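Asks: my questions concern the predicted model and sequence given below.
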Amino acid sequence: MAVNVETLEKLERKITLSVPLSAIQSEVETRLKKVARTVKMDGFRPGKVPMNVVAQRYGYSVQYEVLNDKVGEAFAQAVNEAELRVAGQPKITEKEGAAEGEAQFEAVFEVMPEVKIGDLTTAEVEKLSTEVDDAAIDKTIDILRKQRRTFTERAAGEAAVDGDRVTVDFEGKIDGETFSGGKAEDFQFLVGEGQMLKEFEDATRGMKAGESKTFPLAFPADYHGADVAGKTADFLVTVKKVEVANLPEVNEEFVKTLGVEGGSVEALRADIKKNLEREVKFRVQGRNKQAVMDALVSKAELDLPKASVQAEVARLMEGARAELEQRGIKDAAKAEIPEDIFLPQAERRVRLGLVVAELVKSNNLQATADQIKAHVDELASSYEKPEDVARWYFSDRNRLAEVEAVVIENNVTEFVLGQAKVSDKAVSFDELMGQA
């Protein structure tokens, strides 16, 4: 039967659905009979409740369920016959003036847009590359040394400098009142490593054991402690101990503490280089992928389904509330968050998803089983027992679907790079890691 599809807007469509009342009634009776076989009611044995009593108790809810099911089936059949790809959920309302023996409904919905991708050979993409040099390896070794440093107390009269560990008592007051978290005894931190706010570190640097100092400290407006954010406190700090850091020598004994096979400094450097190269590869891929996606979106023409955008806005809002909850914000689930702040990001995500899907479909860029396995193996290779990690991925469809999505994006990236005007740019290791 031909389906009449009415175009309301660019992507909005309307169709009329007809459902025979006889089909509804027949299904209602069938379902009520099933209910009657198991229903329990006072005064009746199980399965012996009269049908008129069952209908009186459950008739409305069963009829509602059947009607929804029948209308849903009719809608699915209609859009299938009309070869429409529906975006989001339809809005279905009952229509008056139906023919005798029928119930009619109007379904208003959006369809997926036609995606037109322009000439990718005219797209311009900057492709990054980064080498892992000796300086990057040395910096990593320095981090490992700091993680294993020991401390010895400085001689009396020696002032604290960057890298020292100080033990202090402090008390902060706002308007003369001590605030929550503003007081501590025997508190330790490393000077110059950003563990404390800058004003606190600046005040402590240069102090000696036994000295006290009062200083003002202005909390940032976005400070995690909402009670003090944006306010200025007066702090009294007393230094009780100053300790100098002792870094271990880079030798075989140090390498053994890290569990590196081979036990030599050369083996350590080789192991670090391997791990850094893996990290660099993923970060470069991410940056290049972003550049490709930007170019791809700029070459595409399509209308966005409002339903898809709204669904993405809802997901972003849910994520924002979850983040607020993790930060300890009370009633985060009820927080008033304006939807429009997520709209640009939601529109980009929907647009990009539709464009990528079209490119994958038209150029056969789906992820193969071998590609998925290779990517899982690469992810697992950095762990102590890679075979266990690989099994963890393959044991869950959702985890594997995430891997598949990444592989597809990689395929799209390589495809576009093969088509576009690519300019190569080498960036330093520090620049790449700083912009991650």
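Replies: That came through fine.

Asks: mind listing the helices for the stretch 301-436 of the chain?
Replies: 306-326, 343-363, 369-380, 386-394, 397-419, 429-434 (DSSP state H, counting those that start in this stretch).

Asks: closest one to T152 among the ones you listed?
Replies: Among these, helix 429-434 comes nearest to T152, with 31.7 Å by CB to CB. Where C-beta positions appear, they are placed from N, C-alpha and C, glycine not excepted.

Asks: in contact with the nearest residue to R269 once chain neighbours are set aside, which residues?
Replies: Using CB to CB, 6 or more residues apart in numbering and skipping the chain neighbours, the partner closest in space to R269 is I137 (5.4 Å). For I137, the contact set (CB atoms under 8 Å, 6 or more residues apart in numbering) comprises 269, 272-273, 276.

Asks: still on that earlier bit, V168: which of the helices of the stretch 301-436 of the chain is closest?
Replies: Using CB to CB, these put helix 306-326 closest to V168, at 29.5 Å.

Asks: what comes up buried for that closest one?
Replies: By neighbour count on 16 or more other CB atoms under 10 Å, the buried set for helix 306-326 is 306-309, 311-313, 316-317, 321, 324.

Asks: would you list those in CSV and tack on pLDDT?
Replies: Compiled in CSV, the buried residues of helix 306-326 are given as follows (pLDDT from 0 to 100):
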residue, pLDDT
K306, 92
A307, 91
S308, 92
V309, 93
A311, 91
E312, 93
V313, 93
L316, 92
M317, 89
R321, 86
L324, 81
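
Asks: closest to L17 among those?
Replies: Closest approach to L17 among the buried residues of helix 306-326 (CB to CB): A307, at 18.8 Å.

Asks: any chance of the helices of the stretch 301-436 of the chain in JSON lines, with distance to G225 too?
Replies: Listed next are the helices of the stretch 301-436 of the chain as JSON lines, based on distance: least, CB to CB, whole Å:
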{"stretch": "helix 306-326", "distance to G225": "15"}
{"stretch": "helix 343-363", "distance to G225": "28"}
{"stretch": "helix 369-380", "distance to G225": "37"}
{"stretch": "helix 386-394", "distance to G225": "38"}
{"stretch": "helix 397-419", "distance to G225": "35"}
{"stretch": "helix 429-434", "distance to G225": "28"}
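
Asks: what is the rounded mean pLDDT of the helix or strand where the residue nearest to R269 lies?
Replies: Using DSSP states H and E, I137 falls within helix 134-147. Helix 134-147 shows a mean pLDDT of 94.

Asks: next structured bit after it?
Replies: Next along the chain after helix 134-147, with elements defined by DSSP H and E, is strand 150-153.

Asks: contacting residues around L365?
Replies: 359, 408, 411-412, 415.

Asks: over to it: give its phi and psi.
Replies: phi -100, psi 20 (degrees, to the nearest 10).

Asks: which non-adjacent residue is nearest it?
Replies: L365 sits nearest to N411 (CB to CB, 6+ apart), 4.2 Å away.

Asks: kindly report the same for E124.
Replies: K421 is the one closest to E124 (CB to CB, 6+ apart), at 4.9 Å.

Asks: pretty sure the one you found sits against T121.
Replies: Yes. If you go by CB atoms under 8 Å, K421 and T121 touch, sitting 7.3 Å apart.

Asks: what's the closest of the buried residues of helix 306-326 to I24?
Replies: In terms of CB to CB, no member of the buried residues of helix 306-326 lies closer to I24 than A307, at 27.9 Å.

Asks: check what pLDDT the closest residue to G97 other than its chain neighbours gets.
Replies: Excluding the flanking residues, the one nearest G97 by CB to CB, 6+ apart is Q104, at 7.6 Å. Per-residue pLDDT puts Q104 at 88.

Asks: can you tell me the closest non-neighbouring residue to I329?
Replies: Nearest in space to I329, with sequence neighbours left out and distances taken as CB to CB, 6+ apart, is A335 at 6.9 Å.

Asks: contact partners for that neighbour?
Replies: Listed by CB under 8 Å, 6+ apart, the contact partners of A335 are 321, 324, 329.

Asks: make TSV out of the residues you listed and add distance to A233.
Replies: Formatted as TSV, these follow (distance: CB to CB, whole Å):
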residue	distance to A233
R321	30
L324	25
I329	22
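
Asks: good, wrapping up.
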